[in-house]
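Trainee: what would the 3D arrangement of this be:
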Amino acid sequence: MNAMIPFPDISPDIFSISLWGMEFALRWYALAYIVGIIIGWRLVVMTVKAPRLWPNETPVMTPAQIEDMLTWIILGVILGGRLGYVLFYQPGAYLGDPLAILAIWEGGMAFHGGLIGVVIAAWVYTTRHNINKLTAADAIVVGVPPGILLGRFANFINAELWGRPTELPWGVVFPGRAAQYCPDIVGACARHPSQLYEAMLEGALLLIVLLWLVWRRGAFKRPGLTCGTFFAGYGLSRFAVEFVRQPDAQFVTEGNPLGLAVHVGGFGLTMGQLLSLPMIVLGAWLIMRARRGAILAA
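Mentor: So this is what the prediction gives:
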């Protein structure tokens, strides 16, 4: 029998209370959003309080402006994440029941949609206040990885977004009929803990790289370098993890067991990979643009 790790029995609810016949609960997923946003906000504020990091020692925004923009970004995350999930992963289901789109407490958020929401919110705010958009983007992305890190941990606790079956010794036996539906496996089905892979790559590793670039390599003085590194780093990390992440059930069919969103002859891309490709391309372009600008300035 192959080694495997039993799923830790952690409740998705931190605590719950009953009031007036209704159940109210604080969930790990909600706490991940709250704490991730707070940590991200403080990281960005720390950078704008350090003039030496910026071109001409002039931060792109003040701490007050960062706090003001935070409200716009929170709305962008929630609205973009929800609408992205609806449009990218479940358009047919929500077309039949549009009111279900509002039921965000039932789950269903897409990172790529949330990212688009943040980009739109930041674009509107920086336009209204005449702030350099690319330099502002460099500052904003520094605060994103902590939310990804905590969000992926919450996905693990919720026993959702698990990976494909594996015989590796760190495979996790996730609970639930869907997680244990592995036709080719007799007995308990262990799966890749893909949520933890993403937490380490898109969250922890990307945060370390961005902080090193900003605080040690002066990346803010080359507009677009930090932002480009985030886009390319997240895109490459997500693209790689998709090879072991179980695809959404709506993409899996008898003729497409790998759940590829686009495929020819059994080869193709998952929806996560498809949405990550533009990020990789954009990130690479921004990095090359920033490096070319540094060379010309020299």
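
Trainee: quick one: the strands in the stretch 51-200 of the chain?
Mentor: Along the stretch 51-200 of the chain, the segments classed as strands by DSSP state E, counting those that start in this stretch run 172-173.

Trainee: can you give me the helices for it?
Mentor: Taking DSSP state H, counting those that start in this stretch, the helices of the stretch 51-200 of the chain run over residues 63-89, 91-96, 111-128, 133-142, 145-157, 194-198.

Trainee: check which element follows the last one along the chain.
Mentor: Translated: helix 194-198. Going down the chain from helix 194-198, the next helix or strand is helix 206-216, by DSSP states H and E.

Trainee: give me the buried positions along that following helix.
Mentor: Residues of helix 206-216 classed as buried by neighbour count (16 or more other C-beta atoms under 10 Å): 206-207, 209-211, 213-215. To be clear about C-beta, it is placed using only N, CA and C from the backbone, and glycine gets the same treatment.

Trainee: what's the closest of these to residue 259?
Mentor: Using C-beta to C-beta, residue 206 comes nearest to residue 259 of these, at 25.4 Å.

Trainee: just to revisit the earlier point, need the buried residues of helix 206-216 in CSV (columns: distance to residue 158 and pLDDT).
Mentor: Formatted as CSV, the buried residues of helix 206-216 follow (distance: C-beta to C-beta, whole Å; pLDDT from 0 to 100):
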residue, distance to residue 158, pLDDT
206, 22, 98
207, 22, 98
209, 27, 98
210, 27, 98
211, 28, 98
213, 32, 98
214, 32, 98
215, 34, 97
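
Trainee: for the stretch 101-250 of the chain, give me the ranges with low pLDDT.
Mentor: Along the stretch 101-250 of the chain, the parts satisfying pLDDT under 70 run over 101-108.

Trainee: can you give me the neighbour number for the closest residue to residue 129 other than its chain neighbours?
Mentor: Nearest non-adjacent residue to residue 129, counting by C-beta to C-beta, 6 or more residues apart in numbering: residue 65, 6.8 Å away. Using other C-beta atoms under 10 Å, residue 65 has 17 other residues around it.

Trainee: returning to that earlier point: need the buried residues of helix 206-216 in CSV with distance to residue 127, can you?
Mentor: Putting these into CSV (distance: C-beta to C-beta, whole Å) gives the following:
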residue, distance to residue 127
206, 27
207, 28
209, 29
210, 25
211, 28
213, 26
214, 24
215, 29
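
Trainee: right, I'll call it a day here.
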